[in-house]
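Undergrad: Quick one, structure for this:
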Amino acid sequence: MGMAEEIIAEPNFEKLCSKIIDSDNQIRFAAFVNDKSKILHSAQRDNLDSLLADHEVGMSIHYTLERWRKAQNFTFRLGKERLTFTEYDHVTLVTIPFKGKLLLVSTEPRISYDPIIEKVNSILTNWENP
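TA: Sure thing, here's the model as predicted:
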């Protein structure tokens, strides 16, 4: 008998994005991206116009990944990064590492973020530990 190979299944990013969007009315957009800036899946709240053109979304993801990579330089001192916030006048962006990917969530600006973070973390935790 040969060596057994472990099969690592990717999460269903479409279902995760839908659950995240449905979890709170203040969430505008959710997406999972890989380390090459490729969107694996995204979802946007119905009846909302995107604040960025498609090419600007790509640029935003690229810059988010750059910031995240730079922050990794301090992991040995500060510990593993759990999330980051970037607040703009018209939107707030939340970045959460998940299973080797990044979850990008945009919300309405200047809201109470703790309930949203708790909901998103609960969805991710329940997904990891069914």
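Undergrad: what residue ranges in this structure are flagged as low confidence?
TA: Low-confidence segments of the chain (pLDDT under 70): 1-9, 129-130.
Undergrad: Please enumerate the helices of it.
TA: 13-23, 54-71, 75-78, 113-128 (DSSP state H).
Undergrad: what helices or strands is the first one leaning on?
TA: Pointing back at helix 13-23 there. With contacts defined as 3 or more Cβ pairs under 8 Å, 6 or more residues apart in numbering; DSSP states H and E, helix 13-23 has these neighbours: strand 27-33, strand 39-44, strand 101-107, helix 113-128. Heads up, the C-betas are built off the backbone N, CA and C, glycines and all.
Undergrad: hang on, residue 21 packs against residue 31?
TA: No - taking contacts as Cβ atoms under 8 Å, residue 21 lies outside contact range of residue 31: 10.3 Å.
Undergrad: Need the residues touching each of the two.
TA: Jointly contacting residue 21 and residue 31 under the rule Cβ atoms under 8 Å, 6 or more residues apart in numbering are residue 43.
Undergrad: Quick test: name the residue nearest the centre of this protein.
TA: What sits nearest the mean C-alpha location of the chain, by Cα atoms, centre = their mean, is residue 103, with 1.4 Å.
Undergrad: Quick check: beta-bridge partners of that one?
TA: residue 32, residue 96 (DSSP bridges).
Undergrad: Spit out the contact partners of it.
TA: 16, 20, 30-32, 95-97, 120, 124.
Undergrad: hmm, try it at 7 Å
TA: 30, 32, 96 (Cβ atoms under 7 Å, 6 or more residues apart in numbering).
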